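[1] Using only what follows, build the 3D model:
(4 chains)
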Number of protein chains: 2
Amino acid sequence: MARTKQQNQRMRDDRREAILSGAVKLFATRGLAATKVADIAAAVGMAQGLLYHYFSSKEDIFVEIVRRAFTRLNTAARNLERAPQPPRDKLELAATQILKDLVQGEDFGWYSTLISLASISDAVPAEARAMIGRERDVSYEVVARIVRAGQKAGTVRSGRAEDMALVFWNAVKGLALQKAALGRDFRAPHWSALTNIFFDGGGT
Amino acid sequence: MARTKQQNQRMRDDRREAILSGAVKLFATRGLAATKVADIAAAVGMAQGLLYHYFSSKEDIFVEIVRRAFTRLNTAARNLERAPQPPRDKLELAATQILKDLVQGEDFGWYSTLISLASISDAVPAEARAMIGRERDVSYEVVARIVRAGQKAGTVRSGRAEDMALVFWNAVKGLALQKAALGRDFRAPHWSALTNIFFDGGGT
DNA sequence: GTCTATATCCAGATAGAC
DNA sequence: GTCTATCTGGATATAGAC
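    Okay, here's the model as predicted:
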């Protein structure tokens, strides 16, 4: 008997999913322009033309991935903010978690890298640019608020909270790029080298 | 009377120079693939075809710029290492100088961004890849050595020197990307947010 | 040295058979 | 839904006049 509408929709979604997740790494390592739709098709194992049954263009795929990247990153940031720990522990948790994701080759590094690339390029679809403009600051602000709370509690060093958040996220961004460049040769720093930005005292 | 060989060579070099410096910003903001030679020609104000009298291909221009980027960056790093200041002052000097270059829109940010992009992309000329492999570590090692000297002198916090160098340069790399993305909207952090990586105590 | 015009190639997107 | 074959546009690189 025929499949239901829901099942068909589900299969279609799964296929779109496969395309998206195959394309992330390609876009992150080569950029939008240098990634050929033939490469994406090869990565997911389908014919080139078939991609166009799921997405209307290469740029469409790209925009969808940028959307997804921000959704995940900003959701993670907001979850961190709502977590029960005291501010200092939240910052340590963020650092250790990010570093762990990075060495384990989870999505985080690819998404971060993709956003970094998309942010600087003029050669990116307008819709992606607009999204970046809207979502860009969320995670910076989350960390800055945690820092301020920690300063009030006396567990985070003094100084401009925004600046610390800026340096922290940019260090993370840089490390994600580094990981993308070096692959398995990447050696992550100890988490304390990152939290040094926030805390006095105690080395490794 | 006719120009001398030297004069002709000089004029040719100047022209090459103009092409290179026009192309840096384009490559850094759009990447190799998305930068058209027509864009470069427009930026320097010459006809598209004329570029090929000075460089044999777009990739050739790219490789030359990567070479130049490393030359400048690594020279600056080595000069820092040889400077007369004590280690702690060298690290402060590096942070303040880099941040100053970044806000003033000097070359540093573009070169840094270009190397970041070129490092992750598989879609880059083999010669550039090879150069990156050779030159990549120089500035990390310089900073790590300064950190170790500072630790010996008791002016830099304890912890793995390599990790601090890694976090420092990746924060710088991230900030350069941020500057590339935001342009004149970029607000640099206070230098102390960067040197927090190395030093205990005293916020801004 | 500099330009305009063009050959050539390659990649995105489409058509149409199965 | 999936494939192969093809159309089409655009960008690199070259040719050739001035």
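[2] The helix or strand in which residue A:179 is found near chain B anywhere?
    Residue A:179 belongs to helix A:161-182 when elements are defined using DSSP states H and E. Yes. Using Cβ under 8 Å from any Cβ of the partner chain, helix A:161-182 reaches chain B at A:162-164, A:166-167, A:169-175, A:177-178, A:180-181. In this view, the C-beta of every residue, glycine as well, is placed from N, C-alpha and C.
[3] Can you give me the buried ones in the longest helix along chain A?
    For chain A, the longest helix by residue count, based on DSSP state H, is helix A:5-34. For helix A:5-34, the neighbour count (16 or more other Cβ atoms under 10 Å in any protein chain shown) marks A:15, A:19-20, A:22-34 as buried.
[4] Tell me the one of these nearest residue B:120?
    Nearest to residue B:120 among those: residue A:29, at 5.6 Å, using Cβ to Cβ.
[5] wait, does stretch A:23-43 make contact with DNA strand D?
    No. If you take Cβ under 7 Å from any atom of the strand as the test, stretch A:23-43 misses DNA strand D, and the best it gets is 7.7 Å.
[6] Now that stretch: average pLDDT?
    Averaged across stretch A:23-43, the pLDDT comes to 98.
[7] Pull the CA coordinates from it and hand them back as CSV.
    Output of stretch A:23-43 as CSV, limited to C-alpha atoms (Å, rounded to 0.1, in the frame of the first residue of the first chain):
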residue,chain,number,x,y,z
ALA,A,23,27.8,20.2,2.6
VAL,A,24,28.8,21.7,6.0
LYS,A,25,32.3,20.5,5.9
LEU,A,26,32.8,21.3,2.3
PHE,A,27,31.6,24.9,2.7
ALA,A,28,33.6,25.3,5.9
THR,A,29,36.9,24.1,4.3
ARG,A,30,36.6,25.6,0.8
GLY,A,31,34.1,28.4,1.0
LEU,A,32,30.9,28.9,-0.9
ALA,A,33,32.4,29.7,-4.3
ALA,A,34,35.0,27.0,-4.4
THR,A,35,32.6,24.3,-3.4
LYS,A,36,31.0,22.7,-6.5
VAL,A,37,27.6,21.2,-6.3
ALA,A,38,29.1,18.2,-7.9
ASP,A,39,31.3,17.9,-4.8
ILE,A,40,28.3,18.0,-2.5
ALA,A,41,26.5,15.5,-4.6
ALA,A,42,29.5,13.2,-4.5
ALA,A,43,29.8,13.6,-0.7
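[8] and it, how far out from the chain's middle?
    Stretch A:23-43 sits 17 Å away from the centroid of its parent chain (Cα atoms, centre = their mean, to the nearest Å).
[9] and the residue of chain A nearest DNA strand C?
    residue A:49 (3.0 Å; Cβ to the nearest atom of the strand).
[10] Show me what the helix holding residue A:179 is packed against.
    Where contact means 3 or more Cβ pairs under 8 Å, 6 or more residues apart in numbering or on different chains; DSSP states H and E, helix A:161-182 is packed against helix A:87-103, helix A:107-120, helix A:138-153, helix A:191-195, helix B:107-120, helix B:161-182, helix B:191-195.
[11] And the longest one, what's buried?
    By 16+ other Cβ under 10 Å, the buried positions in helix B:161-182 come out as B:161-181.
[12] what does the first one give?
    Applying a neighbour-count criterion of 16+ other Cβ under 10 Å, one finds A:87, A:88, A:90, A:91, A:92, A:94, A:95, A:98, A:99, A:101, A:102 buried in helix A:87-103.
[13] Kindly reformat the residues you listed as JSON lines containing distance to DNA strand C and pLDDT.
    Below are the buried residues of helix A:87-103 laid out as JSON lines (distance: Cβ to the nearest atom of the strand, whole Å; pLDDT from 0 to 100):
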{"residue": "A:87", "distance to DNA strand C": "46", "pLDDT": "98"}
{"residue": "A:88", "distance to DNA strand C": "47", "pLDDT": "98"}
{"residue": "A:90", "distance to DNA strand C": "42", "pLDDT": "98"}
{"residue": "A:91", "distance to DNA strand C": "41", "pLDDT": "98"}
{"residue": "A:92", "distance to DNA strand C": "43", "pLDDT": "98"}
{"residue": "A:94", "distance to DNA strand C": "36", "pLDDT": "98"}
{"residue": "A:95", "distance to DNA strand C": "38", "pLDDT": "98"}
{"residue": "A:98", "distance to DNA strand C": "32", "pLDDT": "98"}
{"residue": "A:99", "distance to DNA strand C": "34", "pLDDT": "98"}
{"residue": "A:101", "distance to DNA strand C": "29", "pLDDT": "97"}
{"residue": "A:102", "distance to DNA strand C": "29", "pLDDT": "97"}
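[14] from those, which single one is nearest residue A:149?
    Proximity of the buried residues of helix A:87-103 to residue A:149 (Cβ to Cβ) peaks at residue A:87, which lies at 4.3 Å.
[15] what's the distance between the helix holding residue A:179 and the middle of its chain?
    From the chain centre to the centre of helix A:161-182 is a distance of 11 Å (Cα atoms, centre = their mean).
[16] okay, the angle between it and helix A:107-120?
    110 degrees (axes from the mean of the first three to the mean of the last three Cα atoms, to 10 degrees).
[17] Quick one: mean pLDDT over helix A:161-182.
    Taken as a whole, helix A:161-182 carries a mean pLDDT of 98.
[18] Relative to DNA strand D, how far out is residue A:76?
    Taking Cβ to the nearest atom of the strand, to the nearest Å as the measure, residue A:76 falls 31 Å from DNA strand D.
[19] Next, give me the two most distant ones among the residues of helix A:161-182 next to chain B.
    In the residues of helix A:161-182 next to chain B, the most distant members under the criterion Cβ to Cβ are A:162 and A:181, with 28.4 Å between them.
[20] The strand or helix carrying residue A:73 and DNA strand C in contact?
    Using DSSP H and E, residue A:73 sits in helix A:58-82. Yes. Between helix A:58-82 and DNA strand C, judged by Cβ under 7 Å from any atom of the strand, the touching residues are A:58, A:59.
[21] counting contacts, what elements does that helix pack onto?
    helix A:5-34, helix A:37-44, helix A:87-103, helix A:107-120, helix A:126-135, helix A:138-153.
[22] what's the distance between it and the middle of its chain?
    Averaging C-alpha positions (Cα atoms, centre = their mean) puts helix A:58-82 7 Å from its chain's average.
[23] Perfect, that will be all.
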